[in-house]
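J.: sequence? don't have it. structure:
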């Protein structure tokens, strides 16, 4: 066995120490780099926002001032100016439900697609309503009155109901989770679209395998677009109750103005839209 001389051994040890130091330094640099990148990503703002720009008029195309514009579920809310225009900045790109309403006019709603680094331009025409209500009285009584009517229909035993207590007890993040166990309806996910809309189909009316019969969805008395995506509803934390009528024969007369052919889902929020 060959024995290393002292000079050779000394050189070997020095080289080993230098190599260890270099590896340790490289490891420290790699660790520091990862931490720095993670910290930078944590504080970096979203790089792509969209803008919602629109106008609200009456059916004669006259601008409506003080119309209320809400993006459901995200808390975005603006009021139109004297020329009927409204604008929302820094909106994360995605699909949303927008509600437009004004005292003295029937509310309307629409599903919008907000692009990244671009502007979506909207136009809504509201139909004048014969029900002229005092603004302050509506604000004070609206929630208690409509939930009293909700409880009245629940006591009649027609339809199926989900109460605020049910929503709080289960704690699911989506309203659709509560509808899965409702008799007479089926939830279908449309995987052919980018956002995979979740639609409620009546089992009593039509064959789900042939597209079924999409149920009408109403939010605080506002009729929502057909084949409505349930994922766009407010979170269960914002909802006071849900009532479901799986066929036209069971829909109460209070909802007679809506499309009852496929049944109806009425959603009531705690604050009201």
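T.: Good, I have the coordinates. These numbers were taken from a predicted model, which means no experiment stands behind them. Numbering: from 1, shown residues only.
J.: Surely residue 169 is in a strand?
T.: No: read with DSSP: H, G, I helix; E, B strand; the rest coil, residue 169 is helix and lies in no strand.
J.: count of neighbours near it?
T.: As a burial measure, residue 169 scores 9 neighbours (other C-beta atoms under 10 Å). C-beta here means a position set from N, CA and C on the backbone, and glycine is covered the same way.
J.: just residue 253 next, same as before
T.: Counted with other C-beta under 10 Å, residue 253 comes out at 6.
J.: what's the answer for the one 3 residues further on, then?
T.: The local packing of residue 256 (other C-beta under 10 Å) involves 8 other residues.
J.: likewise residue 237?
T.: The tally of other residues near residue 237 (other C-beta under 10 Å) stands at 11.
J.: Backbone torsions only: list them for it.
T.: Residue 237 adopts backbone torsions of phi -70, psi -20, taken as degrees, to the nearest 10.
J.: in the stretch 51-200 of the chain, which spans are strands?
T.: With DSSP state E, counting those that start in this stretch applied, the stretch 51-200 of the chain shows strands at 68-71, 76-79, 85-91, 94-101, 108-114, 119-126, 160-163, 185-189, 198-202, listed in chain order.
J.: and these, which is most packed in?
T.: strand 198-202 (a mean of 23; mean count of other C-beta atoms under 10 Å).
J.: That strand packs against which elements?
T.: With contacts defined as 3 or more C-beta pairs under 8 Å, 6 or more residues apart in numbering; DSSP states H and E, strand 198-202 has these neighbours: strand 185-189.
J.: Sheet-wise, list the partners of the strand it packs on with their directions.
T.: Using DSSP bridges, strand 185-189 pairs in its sheet with strand 198-202 (antiparallel).
J.: Flag every buried residue along the next helix-or-strand element following the partner strand.
T.: On the C-terminal side of strand 198-202, the closest following helix or strand by DSSP states H and E is strand 216-219. Within strand 216-219, the residues that qualify as buried are 216, 217, 218, 219, counting by 16 or more other C-beta atoms under 10 Å.
J.: For residue 119, see how far away the last one is.
T.: The span separating residue 219 from residue 119 equals 26 Å under the rule C-beta to C-beta, to the nearest Å.
J.: who are the neighbours in contact with the residue nearest to residue 88 when sequence neighbours are not counted?
T.: The spatial neighbour of residue 88 that comes closest, neighbours along the chain excluded (C-beta to C-beta, 6 or more residues apart in numbering), is residue 52 at 4.1 Å. With contacts defined as C-beta atoms under 8 Å, 6 or more residues apart in numbering, residue 52 is in contact with 71, 86, 87, 88, 91, 98, 112, 114, 119, 120, 122.
J.: so how far is residue 114 from the first one?
T.: The gap separating residue 71 from residue 114 is 9 Å, by C-beta to C-beta.
J.: between these two, what contacts are shared?
T.: With the criterion set as C-beta under 8 Å, 6+ apart, the overlap between the contacts of residue 71 and residue 114 is 52, 91, 96.
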